[in-house]
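Trainee: sequence first, predicted coordinates after that:
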Amino acid sequence: MSNQQDAFPPEIPVTITDCTAAFAGLSHYLDGALAPPQQASMKAHIDSCPPCLDAFQFQTGFRSMLQNGVKDDPPAGLRDRVFGQILNDPFTPDSGPGF
Amino acid sequence: MADTATFIEDTEEFMSSLFSTAMRLTNNRADAEDLVQETYLKAYRGYGSFQAGTNLRAWLFRIMSNTHINRYRTKQRRPNETELDDLDDFYLYRRLHNPGVTGRSAEDELMELFSEGEVVAAVDALPENYRMAVLLADVEGFAYKEIAEILDIPVGTVMSRLHRGRKALQKELYEFASARGLTSRSAEEQVEQHDEQEPTSSETLSTD
Ligand SMILES: [Zn+2]
């Protein structure tokens, strides 16, 4: 979906062969931003290198903690208020130009 | 009215994540509700210009980001750039991770170190440009290219805001841990200490 060339970080080697390269590319790997061959060689390195796997799991755990921490359920009435406003809006999606 | 029903059907599932993000943008429940409400109204009125088949969730976040900037944005706090220069994405990993404890997931390890209130406070402390990039990437899972479109900035800027935002976030959290004295103890003591303090500390920290 996204253009990999745009997001390709030039400082990350095409083939991940050592821990230094793996650490440099780990955030981009978690972001799904590496080019497909890099993504594959990163996975191969992590799978075969316990210290890098440990770092990968920690960084993944950090994101999970962040996701859980900032999750805020919308108040019960919000959905009805939002869509009530829309149902009462004189505008219809195809009756004129957008905002 | 068929179009209205379609709009509601298509957009309803995104309200929770839009609201969570709105909370971290406004840090105020009433403002967050207003922001979501205005986002949906603008989206509804502009739905004719939405390209079917493209990313509806990203389109809604883009409208919300623009609405927030127009309505709520006040002065941008300037981040202290030099302070972040010597840090990397592994700031907490290098300082707080204890690989010696087996049978415990990294997420459990982190949740023993930080309360939910501290995570929220650390996110809120980020300069808004960084905060938005981190929320969109790490919480919402958007790709760099999508974030670039939502925020209307180049992909390179997305990457640098993300990089700096993540470092700043970890540094903020580390300061919470070191304020509690956790960083100078062994990991076993950290865990025990935190368990004992948890009920009171999370209570006081999660207000707001
Ligand atoms: Zn390695």
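Mentor: Sure, I can see it.
Trainee: could you use CA atoms for every contact and neighbour count after this?
Mentor: Fine.
Trainee: could you identify the longest helix within chain A?
Mentor: Identified as the longest helix of chain A according to DSSP state H is helix A:50-70.
Trainee: which strands and helices lie in contact with the helix or strand just after that one?
Mentor: Reading on from helix A:50-70 to the C-terminus, the next helix or strand found by DSSP states H and E is helix A:78-87. Secondary-structure packing of helix A:78-87 (3 or more CA pairs under 8 Å, 6 or more residues apart in numbering or on different chains; DSSP states H and E): helix B:2-11, helix B:29-45.
Trainee: for A:Gly32, helix, strand, or coil?
Mentor: On the three-state scheme (DSSP: H, G, I helix; E, B strand; the rest coil), A:Gly32 is labelled coil.
Trainee: could I get the pLDDT score of it?
Mentor: Looking at A:Gly32, its pLDDT stands at 93.
Trainee: can you pull out the helices in chain B?
Mentor: B:2-11, B:15-26, B:29-45, B:56-71, B:81-84, B:91-96, B:106-113, B:116-124, B:128-134, B:144-151, B:155-179, B:187-205.
Trainee: rank these by mean pLDDT and give me the bottom one.
Mentor: Mean pLDDT is lowest for helix B:187-205 among those, at a mean of 40.
Trainee: which residue does chain A bring closest to the ion?
Mentor: Nearest residue of chain A to the ion: A:Cys19, at 3.6 Å (CA to the ion).
Trainee: which one is that residue nearest to, not counting chain neighbours?
Mentor: Once flanking residues are discounted, A:Cys19 sits nearest to A:Cys52: 6.8 Å by CA to CA, 6 or more residues apart in numbering or on different chains.
Trainee: looks like B:Leu136 contacts B:Ile147 (just checking).
Mentor: Yes - the criterion here is CA atoms under 8 Å, and B:Leu136 meets it with B:Ile147 at 6.7 Å.
Trainee: so which of the two has more stuff around it?
Mentor: Looking at B:Leu136 and B:Ile147 with other CA atoms under 10 Å in any protein chain shown, you find the greater number of neighbours at B:Ile147, namely 25 against 21.
Trainee: quick one: A:Leu26 and A:Phe56 touch, right?
Mentor: Yes - A:Leu26 lies in contact with A:Phe56 (CA under 8 Å); the separation is 7.1 Å.
Trainee: who has more neighbours, the two?
Mentor: A:Leu26 (24 against 21).
Trainee: check the offset of the one helix or strand the more buried one maps to from the chain's centre.
Mentor: Taking DSSP H and E as the definition, A:Leu26 sits inside helix A:19-30. Centroid displacement of helix A:19-30 relative to its chain, using CA atoms, centre = their mean, to the nearest Å, is 15 Å.
Trainee: what pLDDT does residue 46 get?
Mentor: Looking at chain A here, since you left the chain open. Predicted confidence (pLDDT) at A:Ile46: the value is 96.
Trainee: wait, I meant chain B there
Mentor: Looking at B:Gly46, its pLDDT stands at 92.
Trainee: cool, A:Phe56 as well?
Mentor: Per the predicted model, pLDDT is 96 at A:Phe56.
Trainee: contacts only, for the closest residue to B:Val119 other than its chain neighbours.
Mentor: Residue nearest to B:Val119 in three dimensions, not counting chain neighbours: A:Gly69, with 5.8 Å by CA to CA, 6+ apart. By CA atoms under 8 Å, 6 or more residues apart in numbering or on different chains, the contact list for A:Gly69 reads B:Glu116, B:Gly117, B:Val119, B:Val120.
Trainee: most neighbours, which of these?
Mentor: B:Val119 (25 neighbours).
Trainee: contacting residues around it?
Mentor: A:Met65, A:Leu66, A:Gly69, A:Val70, B:Leu173.
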